[in-house]
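Trainee: Give the three-dimensional model of this entry:
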Amino acid sequence: RRTDTRLGGLFWGHLNKIVHHRLTENAIRDMLSANGGLRKSGKFLVRATQNPNKFHLWVVINGEVKLHKFERDREGAEFRMKYGHGTGATTIAGFVDYHRKVWQAWPVPLTDGVYHKKSHIPHTPT
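Mentor: Numbers count the residues shown, from 1 in each chain. So this is what the prediction gives:
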C-alpha cells in the first residue's frame, strides 16, 4: 500500500480521491453546485493548500457553499478547525468521519464527497 504522508498517513484509495489540489474558488463552487448540489446539505470537497498541514473544507450548508479551514501543527498531529476546536483525527479520513455528525460547533453532517473526475469512484452517500 502506498501512503501519501502529506495527507496525514491516509492510504491511497477511496477517500484520498476527494482531496483536490490547485482548484480555484469558482471551480470548487461549480463542482459543489453541479447536479443540484446546492440542494444537498453536507456535500463537500477537501482542497490541499501549499502548506502540507493546512487544508480547506468546502461544504454545502443550507444552499450555500461555505469554506472551513482546518490544520495541524505537524504531520501525525491532531487536525483542528481553524478556530481551534480539536477533532481527535490525525488523518483526512478521520477528520471527514468526525464531521459526518452534527455537534455544537458543526451545523451539518458531511455526506457526499466530490471526487476527482479521473477516479471513476461513484458519488455515494454514507
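Trainee: and residue 35, how many residues sit next to it?
Mentor: By other CB atoms under 10 Å, the residues close to residue 35 number 12. Where you see a C-beta, it was placed from the backbone N, CA and C, and this is true even at glycine.
Trainee: Please apply the same query to residue 36.
Mentor: Other residues close to residue 36 by other CB under 10 Å number 8.
Trainee: mind checking the SS state of it?
Mentor: Following DSSP: H, G, I helix; E, B strand; the rest coil, we place residue 36 in the helix state.
Trainee: That one and residue 112: what is the separation?
Mentor: Residue 36 is 11 Å from residue 112, where distance means CB to CB, to the nearest Å.
Trainee: so residue 61 sits right up against residue 110, yeah?
Mentor: No: the pair residue 61 and residue 110 does not pass the contact test of CB atoms under 8 Å, sitting 10.5 Å apart.
Trainee: so what sits against both of the two?
Mentor: residue 42 (CB atoms under 8 Å, 6 or more residues apart in numbering).
Trainee: What's opposite the residue nearest the centre of the chain in the beta bridge?
Mentor: Residue closest to the average C-alpha location in the chain (CA atoms, centre = their mean): residue 46, at 3.1 Å. Taking DSSP bridges as the rule, residue 46 bridges to residue 19, residue 57.
Trainee: So for the stretch of helix or strand residue 68 belongs to, mean pLDDT?
Mentor: Here residue 68 sits within strand 64-71, counting by DSSP states H and E. Computed over strand 64-71, the mean pLDDT rounds to 95.
Trainee: Adjacent strands (with direction) for that strand?
Mentor: Strand pairing (DSSP bridges) places strand 64-71 next to strand 54-61 (antiparallel), strand 80-81 (antiparallel).
Trainee: Quick one: list the elements packing against the next helix or strand after the shortest one.
Mentor: I take that to be strand 80-81. Next along the chain after strand 80-81, taking DSSP H and E as the criterion, comes helix 92-98. Where contact means 3 or more CB pairs under 8 Å, 6 or more residues apart in numbering; DSSP states H and E, helix 92-98 is packed against strand 44-48.
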